[in-house]
Structure formats: structure tokens, C-alpha cells
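*Asks:* sequence plus the predicted model coming up.
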Amino acid sequence: MSMEELYGRAPTGLYDVRTRKAGPKGRLPLTDEMLRTAPSGNIFGMTINAGMGWNPDDLAGGDVLIISTQGGIRRDDGTTAAVGLHNGHFELGDLMRAAADEIKGAGLVPHAAFVTDPCDGRSQGTTGMFDSLPYRNDAAIVMRRLMRSLPTRRAIIGVAACDKGLPAMMMALAGMHDRPVILIPGGATLSPTDSEDLGTVQTLGVRYANDEITLDYAARTGCSSCASPGGGCQFLGTAGTSQVVAEGLGLTLTHAALAPSGEEIWRELGRASARAVMALAARG
């Protein structure tokens, strides 16, 4: 493409660029002891938190990290701007927001970080599986590095749902021995009322090739198996089993596994999980 094609439709005022503006108003809650003894990064963290819009008066309450495998882009009205690699990470932002609001209400500062994940179903039968299989260990390393990169963390909340991201998150959380942690499972995709679950639907090709179904049936069924935009596959595969295992290990709240994604009980589990991990942090 030519430069004219790339930039020819630039909106009016594009080059009216600001390079300076007034910084956030207020004062950091610094003390004499903090300035003399705290690591420079702890103080700089307050500076950039104020720059991201947090009320400077509330920056000394303590920090909580929320880390998730969120993927895809949802507009403010809930419509889809870009799909993720799978449903399981598409709605996790709603869970994170529920937990973050609870943390803010308790006077602490929620921090959010992201390490998204692949989909075994999408890479099934392709060379993508060569990257999907080793993802867990790679991601667990990155997640732990992000967790440790917030030295002021009082607690850590992991949010994940599916085959690769959830085991990676469990491994990362289990490796954090010095702070309280909790896992919020991403729940399950709603089952369709008149279609197949996400385990059965992955056999459309082989059934059609064996003359068991029609082209029309495959097209209609393949379109209708995900009854909600979020949550892990409805059957008890790796995603569902991992959520059950996480609950059995005590990394989640009781009854937290496999809540229907997007439902109010699902959001309440996010809020309750935040309350639980903050209570652990308060107990030291």
C-alpha cells in the first residue's frame, strides 16, 4: 500500500497533538519513614497508580493482584469487537471487575494483569497443538513472574477457566507460598436447548464423512452449541475437570466450580472470592 492509502483518510485535527498537560491533582500518602526506607519502586508504584486514575488518597490501603487468562475484546455495550481464542476466557473480565469492585470497597487497590491462553478444541488436528500442549508450563512461569513483579501484593486472585490456562494458573498460584491466593474458576458455557454440547459437536466432520449427518444439520448444529459467550465447555473434559480439581484442592471457594458463565451467581462467586482472600490477608 502507498503512504497515501495508509494515511489519506486521516481525520481532521489528527496532528493537533498534546505533549504536555497537568498531572493528577492531590498528594501521595507518603510518610517520612516511607521516603527514607521504602524501595523506590514502592513509591513509584503510587505515582503510576495515580497516573492511571486511582484516587491518591486511597493508595496506601494495600495492593491485591488479579491475574487472568482473559482474551477477546468486548465493547462497553457487551457486543463483540474481537473474538478470543475460545469462550472460556471471553467473559473473565466481568469476574475480574466484580472482584476488583469488592477490593476497592474494602479500601485496597486492585491491580489487573493478563496472560491469555489457547484452545485445544481450536488447535485439535492442526500443528497448533504443538504449541497448545507446552503452553501450561510456559504460562505458569510468566504468571508467577507477573505475581512477583508486584512486590507490595497482599494477596493474589487468579481467574481462569479452560484446558491450558486453568492448570497453568493453578501451578502459578500453588508456587506462591508467601501470600494468600485464591482461584476464581471461569465457569461453564450455557448448554443449548436444541443443539449438541461442545464435546459432541467437535465430531461433526467425522460423522458427516461417515454419512451419519447432513450438511444442513452440521451447519445449524455447529452454529448453536455455545449458548453463552463465556465459560468452559459444558462436558466434563479438561476444563470442567480442572475446575473440579481446583475446588478439591482448596484453591477455590466451596461450590465455585462450573457456575454458569455470565449468571449472577457466577459474579457473586467473584465477589465472595475477593472477600475470602482479603480476610486471609488480614489474618497475616
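*Replies:* Perfect, I can see it now. What you see is a predicted model; the values in this text were computed from it and never measured.

*Asks:* ranges for the helices of this structure?
*Replies:* Using DSSP state H, the helices found in the chain span residues 3-7, 32-37, 40-51, 92-105, 120-123, 129-132, 135-148, 165-174, 204-209, 215-224, 238-248, 264-282.

*Asks:* going by mean pLDDT, which of those helices comes out lowest?
*Replies:* Mean pLDDT per stretch puts helix 3-7 lowest among these, at a mean of 81.

*Asks:* now that helix: how far from the chain's centre is it?
*Replies:* 37 Å (CA atoms, centre = their mean, to the nearest Å).

*Asks:* Val17: which of the helices of the chain is closest?
*Replies:* helix 3-7 (14.6 Å; CB to CB). (Each C-beta comes from the backbone N, C-alpha and C, glycine too.)

*Asks:* which strands or helices does that closest one pack on?
*Replies:* Helix 3-7 sits against no helix or strand, with contacts defined as 3 or more CB pairs under 8 Å, 6 or more residues apart in numbering; DSSP states H and E.

*Asks:* now it - C-alpha only, PDB.
*Replies:* Extracted in PDB, the C-alpha atoms of helix 3-7 (Å, rounded to 0.1, in the frame of the first residue of the first chain):
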ATOM      1  CA  MET A   3       1.500   6.100   2.100                       C
ATOM      2  CA  GLU A   4      -1.500   8.000   0.700                       C
ATOM      3  CA  GLU A   5      -3.600   4.900   1.000                       C
ATOM      4  CA  LEU A   6      -2.400   4.300   4.600                       C
ATOM      5  CA  TYR A   7      -2.800   7.900   5.800                       C
END
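
*Asks:* which other residues reach that helix?
*Replies:* In this structure, no residues lie in contact with helix 3-7 by CB atoms under 8 Å, 6 or more residues apart in numbering.

*Asks:* picking that back up, just put the helices of the chain in JSON lines and tack on distance to Gly62 and mean neighbour count.
*Replies:* Formatted as JSON lines, those follow (distance: least, CB to CB, whole Å; neighbours: other CB atoms under 10 Å):
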{"stretch": "helix 3-7", "distance to Gly62": "47", "mean neighbour count": "8"}
{"stretch": "helix 32-37", "distance to Gly62": "14", "mean neighbour count": "10"}
{"stretch": "helix 40-51", "distance to Gly62": "12", "mean neighbour count": "14"}
{"stretch": "helix 92-105", "distance to Gly62": "9", "mean neighbour count": "22"}
{"stretch": "helix 120-123", "distance to Gly62": "38", "mean neighbour count": "18"}
{"stretch": "helix 129-132", "distance to Gly62": "37", "mean neighbour count": "14"}
{"stretch": "helix 135-148", "distance to Gly62": "16", "mean neighbour count": "18"}
{"stretch": "helix 165-174", "distance to Gly62": "19", "mean neighbour count": "25"}
{"stretch": "helix 204-209", "distance to Gly62": "50", "mean neighbour count": "13"}
{"stretch": "helix 215-224", "distance to Gly62": "46", "mean neighbour count": "13"}
{"stretch": "helix 238-248", "distance to Gly62": "25", "mean neighbour count": "20"}
{"stretch": "helix 264-282", "distance to Gly62": "8", "mean neighbour count": "19"}
